[in-house]
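K.L.:
Please find the sequence and the predicted model below.
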Amino acid sequence: MCQMLEAVVAPAAAGDPPRSADRAPADSARAASAAGRGGLPLHLEDALRLALRDNWDLRSARAAVATAEAGLRAARAHPNPQLAALVSRIHADGHDATDLGNDLWSRSYDTVIQLGQELDFGTRGARSGAARAGVDAARARLADERRTLVAATTRTYVAAALAEADASIARQSAGYLSGEARIAEARWQAGDISRSDRDQIEIAASRLELDARNAEAGARAQRIVLELLLGLPQPAGELILADSLEALAERASAPAGTAPAAERADLAAARADLRRADEQLRLERRERLPDPTLLGQVEHEPPIRTNSIGLGLSFPLPLWNLNGGAIAAADVERDEAARAVGRIEAEIASDIATARVGFDEAVTRWRRYHDELRPRADEVRRTVSLAYERGGASLLDLLEAQRSDNDVRLAAMQAAGDAADAAATLAAALAPMTAEAARP
């Protein structure tokens, strides 16, 4: 299963869903049709492709990348110049004419046009660096969202298949006991067994029918969760699962290696956050000395100074505020980002070790149930049932054999579900970040 998941995730993340050898994957419209009319079986591979394209949380992660990229464009932009115009020395008595004349431009008004441009001495580079690291972090979180979504979709698909298998087993067991109940009815009519023996078989069959209905309700609830993960607009639990639980368990396999082949996406996001925090700290330290503003002006004051120019430089005096509070906050944020990197590295090692132990145990348990315990329990049930029909076994023996067979089959399906679930968990723990997965 791990190889199958890897084959689905990488191309789907690149935006070009591949086609399997024997069938084309379902698209969103076909999946919605299946959910609405229950007409199209959905394979796990197709469910993963739909989730990787239409999942609601994944859409939000893509929007976060777009927001971070917009922030990077804003950080790279130069500050706009400031243009100011001032007209002064307008006489209240109206005697503004000069020897040059009485038109507007010849009057003795003092007209000043000033242009100011803030100069950047390092703050823009730090802002751009922080914004660039923010984009890297957003893209890594998008890749991590894809990684966890694959595992969540697989586990939900497996949970729905397990509930359906439990319902099927309960229905089969109820069918077995219904057949035994008909035989018990004949034997009671002949006086071979008591009425209480006949009633016990009917009660056991009815209980299994109720268990089947409960499992069917659980399966529908899991399908509703699956449809929500697929991004369907109106989840109703009407999808038809094409892959059986046993087929999913048979495909369960462990990836090679004990560590991701490359950096995992959550660790890449944490390291990008650390770079952003470093750049933010550098920016706050740089802003202890404010950037100056270069001023240039043209002044028109007839008749003495018809036209003149002026240059200037202005900047705030860093006397009372040296940006100490912002620097301290950025320093704390940087330390926390460094701790987050160490914590996630430890969590990755823990995830991989725990997932591999769980996978090995689940696959071993599934194999033993599938190859040994389930065939033996079925054989015991058949033998006791035949003996009961011929009067060679008691009702207690029949019910015990039926109960044991039912429990073993349920446990076998649980082991199959655990194996498929553990394979998805291990694949997610070992999944490296790829450029395709980080591409919005």
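P.N.:
Received the coordinates, thanks.
K.L.:
pLDDT weak spots in this structure?
P.N.:
The chain contains residues with pLDDT under 70 at 1-40, 180, 183-184, 187, 190-193, 254-261.
K.L.:
which stretch of helix or strand covers Asp273?
P.N.:
Following DSSP states H and E, one finds Asp273 within helix 265-286.
K.L.:
What lies in contact with the following helix or strand past that helix?
P.N.:
Next helix or strand after helix 265-286 toward the C-terminus (DSSP H and E): strand 293-301. For strand 293-301, the external contacting residues (C-beta atoms under 8 Å, 6 or more residues apart in numbering) are 82, 89, 105, 108-119, 305-315. C-betas here are computed from N, CA, C, even on glycine.
K.L.:
Of those residues, just the buried ones, PyMOL syntax please.
P.N.:
The following PyMOL line selects those of the contacts of strand 293-301 that are buried, judged by 16 or more other C-beta atoms under 10 Å:
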select buried, resi 108+109+111+112+114+116+118
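K.L.:
Assess the claim that Ala411 and His370 are in contact.
P.N.:
No: Ala411 is not in contact with His370 according to C-beta atoms under 8 Å; the separation is 10.8 Å.
K.L.:
how far does the longest helix along the chain sit from the chain's center?
P.N.:
Selection of the longest helix in the chain by residue count, based on DSSP state H, yields helix 123-189. Centroid separation for helix 123-189 versus its chain: 14 Å, with C-alpha atoms, centre = their mean, to the nearest Å.
K.L.:
what are the ranges of the helices in the stretch 251-400 of the chain?
P.N.:
Under the criterion DSSP state H, counting those that start in this stretch, helices of the stretch 251-400 of the chain are mapped to 265-286, 324-368, 374-389, 395-430.
K.L.:
need those helices in TSV with distance to Gly296 and mean neighbour count, can you?
P.N.:
Formatted as TSV, the helices of the stretch 251-400 of the chain follow (distance: least, C-beta to C-beta, whole Å; neighbours: other C-beta atoms under 10 Å):
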stretch	distance to Gly296	mean neighbour count
helix 265-286	25	22
helix 324-368	31	16
helix 374-389	89	16
helix 395-430	60	22
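K.L.:
Tabulate these (CSV), appending distance to Glu185.
P.N.:
Shown next, in CSV, are those (distance: least, C-beta to C-beta, whole Å):
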stretch, distance to Glu185
helix 265-286, 62
helix 324-368, 38
helix 374-389, 13
helix 395-430, 13
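K.L.:
residues contacting Ala265?
P.N.:
140-141, 143-144, 146-147, 431, 433, 437-438.
K.L.:
Which members of the residues you listed are classed as buried?
P.N.:
Buried members of the contacts of Ala265, scored by 16+ other C-beta under 10 Å, are 140-141, 143-144, 146-147, 431, 433, 437-438.
K.L.:
what's the closest of these to Arg282?
P.N.:
For the buried ones among the contacts of Ala265, the closest approach to Arg282 (C-beta to C-beta) belongs to Ala140, at 21.4 Å.
K.L.:
quick one: Gly129 and Glu279 touch, right?
P.N.:
Yes: with contact defined as C-beta under 8 Å, Gly129 counts as touching Glu279 (3.8 Å).
K.L.:
Name the nearest residue to the residue nearest the centre of the chain, sequence neighbours excluded.
P.N.:
Residue closest to the average C-alpha location in the chain (C-alpha atoms, centre = their mean): Glu145, at 3.1 Å. Nearest non-adjacent residue to Glu145, counting by C-beta to C-beta, 6 or more residues apart in numbering: Ala61, 4.4 Å away.
K.L.:
Specify the local secondary structure of the one you found.
P.N.:
Ala61 falls in the helix class when you classify it by DSSP: H, G, I helix; E, B strand; the rest coil.
K.L.:
what's the spacing between Phe121 and Thr67?
P.N.:
Separation of Phe121 from Thr67 (C-beta to C-beta, to the nearest Å): 28 Å.
K.L.:
So which residues of the stretch 1-150 of the chain form helices?
P.N.:
Shown for the stretch 1-150 of the chain, the helices assigned by DSSP H, counting those that start in this stretch span residues 2-13, 28-37, 44-54, 56-76, 123-189.
K.L.:
from the ones you listed, which stretch is densest packed?
P.N.:
helix 44-54 (a mean of 24; mean count of other C-beta atoms under 10 Å).
K.L.:
Ala416 is in contact with His370, correct?
P.N.:
Yes: between His370 and Ala416 a contact is recorded at 7.4 Å, counting by C-beta under 8 Å.
K.L.:
Overlap of the contact sets of the two?
P.N.:
Residues touching both His370 and Ala416 (C-beta under 8 Å, 6+ apart): 246, 249.
K.L.:
about what we covered before: present the buried ones among the contacts of Ala265 as TSV; the columns should include distance to Val380.
P.N.:
Shown next, in TSV, are those (distance: C-beta to C-beta, whole Å):
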residue	distance to Val380
Ala140	54
Arg141	53
Ala143	51
Asp144	49
Arg146	47
Arg147	44
Ala431	43
Met433	51
Ala437	50
Ala438	55
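K.L.:
Any idea which of the helices of the stretch 251-400 of the chain gets closest to Ala219?
P.N.:
Among these, helix 395-430 comes nearest to Ala219, with 12.0 Å by C-beta to C-beta.
K.L.:
In terms of secondary structure, what does that closest one contact?
P.N.:
helix 2-13, helix 123-189, helix 195-229, helix 245-250, helix 324-368, helix 374-389 (3 or more C-beta pairs under 8 Å, 6 or more residues apart in numbering; DSSP states H and E).
K.L.:
Next, the angle helix 56-76 makes with the second one.
P.N.:
Using axes from the mean of the first three to the mean of the last three C-alpha atoms, to 10 degrees, one finds that helix 123-189 and helix 56-76 are set 180 degrees apart in direction.
K.L.:
Check the contact between Pro302 and Thr111; I expect there is one.
P.N.:
No: counting by C-beta under 8 Å, Pro302 does not reach Thr111; the two are 9.4 Å apart.
K.L.:
Next, the residue of the chain most remote from its centre: phi, psi?
P.N.:
Within the chain, the residue lying farthest from the chain centre (C-alpha atoms, centre = their mean) is Asp99, at 78.7 Å. With angles defined as degrees, to the nearest 10, Asp99 sits at phi -60, psi -20.
K.L.:
Quick check: the gap between it and Met433.
P.N.:
Using C-beta to C-beta, Asp99 is found at 78 Å from Met433.
K.L.:
same thing with Ala130?
P.N.:
21 Å.
K.L.:
So what does the nearest residue to Arg286 once chain neighbours are set aside have for phi and psi?
P.N.:
Of all residues not flanking Arg286 in the chain, Gly122 sits nearest, at 5.0 Å (C-beta to C-beta, 6+ apart). With angles defined as degrees, to the nearest 10, Gly122 sits at phi 120, psi -20.
K.L.:
Surely Leu149 and Trp56 touch.
P.N.:
No: Leu149 lies out of contact with Trp56 (C-beta under 8 Å); the separation is 10.3 Å.
K.L.:
which residues are common contacts for those two?
P.N.:
Contact criterion C-beta under 8 Å, 6+ apart; residues shared by Leu149 and Trp56: none found.
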